[in-house]
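In: give me a model of this one.
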Amino acid sequence: MTAAAIAPTRYPAFDVLRALCMFYIAFFHAALGYAEGFSWFVRAQERSAVLGFVVFLSMGWTLRVFFVLSGFFGYMVFQRSGWKRYAEHRLVRIGIPFVAVAIGTAHLLALASGRPVRYLPLHTWFLQYLLLISFLVPAIFALLARARGGRLMALVDRWFVALVTTRWAPVLLAAATTPLLWIHDRTGTLQPDGLNLQLEPTVFVYYFAFFTFGWLLFRHAAALSALASTSIAYLAIGLAARLVFFLLQMERGVDGSGATLAIDLGMVVTTSLYTWFVVLGAIGFFHGWVRVRGPIWRYLSDSSYWSYLFHVFPVVGLQTLLLGINLPPLLKFLIVCIGTAFTCLVTYRYFVRYTFIGWVLNGVRQRAGQRERGEHRAPLGTASSALAHGATDD
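Out: Predicted coordinates for the structure are as follows:
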């Protein structure tokens with residue numbers, strides 16, 4: 001019996017971790033407009049070296065954590081609902097938002113620029129990859145479960161438990177993904193630009209690895225305790241690896257004039273180490289040390305998906321409004337962050353949470369008055385969301 005059979009119904013700390021990843025990306029995009037050394041849709045004249053360093057130091061782990069958690073909760077839905085409802089859940093939660101945002105963004109950009117409509121994934125590029133991976137992974141594991149009477153699946157389970165419970169797990173996982181970074185971009189960057197719908201094989205395989213790790217982690221949720229015990233050390237080592245990467249990048253130069261084989265290899269290796277140490281450290285830390293409950297945290301978790309999908313519009317809008325206003329870049333960044341958070345939370349509360357959009361993103365939500373009267377709306381034939389856990393709260 002795998003640990004998934006006795007896994008708890010809820011992982012509230014992981015709800016919060018997922019929400020922090022989504023909100024962090026919104027603030028990350030807000031910072032790009034003012035961070036020294038980075039480019040963004042809106043190019044403000046004021047630039048901050050502090051923001052540039054913070055952005056550099058903290059980038060490269062949030063979407064990896066999100067894919068791990070997507071695999072983790074994806075297996076939970078698959079185990080409890082079966083293939084049909086799992087497929088419905090993935091298509092509704094991922095497919096509809098991806099298509100809707102791509103269409104809406106394309107028409108808004110065409111209206112603003114006067115150019116023909118062009119459908120671009122932009123910041124939702126990862127949903128395209130996530131949707132395909134969400135169907136590929138269970139199909140592969142279904143084949144493994146049937147092959148040789150289930151012996152191959154049992155072997156994979158044993159190897160995974162041995163991997164997660166060893167303190168060398170981040171190093172071994174980094175060794176597996178380093179070749180993908182090397183093939184894609186020797187500077188350690190592995191992310192599409194969101195300007196076309198074409199899948200990049202190295203990116204697909206890379207994020208496939210993180211989703212699969214999360215899928216197996218739910219099957220063996222007891223292994224989370226091993227990650228919790230080493231989480232602080234993992235996070236510290238990950239930060240150290242990132243600092244080494246920073247030094248190597250300075251040696252290489254912005255224009256690549258100082259590039260050598262050793263420097264490029266060092267940048268790729270330290271990126272892989274940083275990513276896996278921080279990903280496993282964050283998951284272990286939130287599982288073992290973070291105790292959060294209550295309506296505020298739950299509300300922030302529920303609103304995070306909408307906030308991610310919608311945040312680009314208030315971020316770009318506020319950055320544009322602030323162009324030409326003589327303010328320090330850190331103050332402008334703070335204004336954009338506060339304005340974006342306020343806009344996302346207010347629009348979620350009044351235009352999303354109790355509407356069809358809210359059902360698509362998080363499942364059914366009921367107002368307090370409806371609960372008191374015992375009213376309930378059927379979830380329109382789809383499985384309860386792993387993001388929402390079928391809850392109805394205000």
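In: wouldn't residue 308 be in contact with residue 28 here?
Out: No. Counting by CB atoms under 8 Å, residue 308 does not reach residue 28; the two are 10.9 Å apart. Every residue, glycine included, has its C-beta placed from N, CA and C.
In: neighbour-wise, which of the two wins?
Out: Per other CB atoms under 10 Å, whichever of residue 308 and residue 28 has more neighbours is residue 308, with 27 against 18.
In: could you pull up the residues touching that one?
Out: 22, 23, 25, 26, 123 (CB atoms under 8 Å, 6 or more residues apart in numbering).
In: who's in contact with residue 335?
Out: 318, 322, 327.
In: how much space is there between it and residue 38?
Out: 19 Å (CB to CB, to the nearest Å).
In: where does pLDDT dip in the stretch 1-150 of the chain?
Out: The stretch 1-150 of the chain contains residues with pLDDT under 70 at 1-10, 112-113.
In: identify the spatial nearest neighbour of residue 47, chain neighbours not counted.
Out: Closest residue to residue 47 apart from its sequence neighbours, by CB to CB, 6 or more residues apart in numbering: residue 36 at 4.5 Å.
In: next, count neighbours for the one you found.
Out: Residue 36, neighbours per other CB under 10 Å, totals 14.
In: same question, the one 3 residues further on
Out: The tally of other residues near residue 39 (other CB under 10 Å) stands at 9.
In: so residue 17 makes contact with residue 284?
Out: No. In this structure, residue 17 is not within contact of residue 284 by CB under 8 Å, at 10.7 Å.
In: name the residues contacting each of the two.
Out: Counting by CB under 8 Å, 6+ apart, nothing touches both residue 17 and residue 284.
In: ok, the contacts of residue 308 vs residue 60, which is closest?
Out: Of all the contacts of residue 308, residue 60 sits closest to residue 25, with 11.8 Å by CB to CB.
In: the closest one should be in a helix, yeah?
Out: Yes. Residue 25 forms part of a helix when assessed by DSSP: H, G, I helix; E, B strand; the rest coil.
In: and for the nearest residue to it once chain neighbours are set aside, the neighbour number?
Out: Nearest non-adjacent residue to residue 25, counting by CB to CB, 6+ apart: residue 62, 5.7 Å away. Under the neighbour criterion other CB under 10 Å, residue 62 is assigned a count of 21.
In: from residue 23, how far out is residue 282?
Out: Counting by CB to CB - residue 282 and residue 23 are separated by 14 Å.
In: between these two, which is the more surrounded one?
Out: A count of neighbours by other CB under 10 Å puts residue 282 above the other of residue 282 and residue 23, at 25 against 21.
In: which helix or strand contains the residue nearest to the more buried one when sequence neighbours are not counted?
Out: Closest residue in space to residue 282, ignoring its immediate chain neighbours: residue 65 at 5.7 Å, by CB to CB, 6+ apart. Here residue 65, judged by DSSP states H and E, is contained in helix 62-90.
In: next SSE downstream of that helix?
Out: helix 96-113.
In: check contacts around residue 18.
Out: Residue 18 neighbours (CB under 8 Å, 6+ apart): 65, 66, 69, 301, 304, 387.
In: who are the contact partners of the spatially closest residue to the second one that is not a sequence neighbour?
Out: Leaving out its chain neighbours, the residue that sits closest to residue 66 by CB to CB, 6+ apart is residue 21, at 5.1 Å. Neighbour list for residue 21: 62, 63, 65, 66, 69, 304 [criterion: CB under 8 Å, 6+ apart].
In: picking up where we left off before, list buried residues within the contacts of residue 335.
Out: Those of the contacts of residue 335 that meet the buried threshold are 318, 322, by 16 or more other CB atoms under 10 Å.
In: hmm, back to that, doesn't residue 27 make contact with the residue nearest to residue 25?
Out: No. In this structure, residue 62 is not within contact of residue 27 by CB under 8 Å, at 10.5 Å.
In: tell me the one of the contacts of residue 308 nearest residue 292?
Out: residue 23 (14.3 Å).
In: correct me if wrong: the closest one contacts residue 345.
Out: No. Judged on CB under 8 Å, residue 23 makes no contact with residue 345 at a distance of 10.1 Å.
In: can you list residues touching both of these two?
Out: Common contacts of residue 23 and residue 345, defined by CB under 8 Å, 6+ apart, comprise residue 307.
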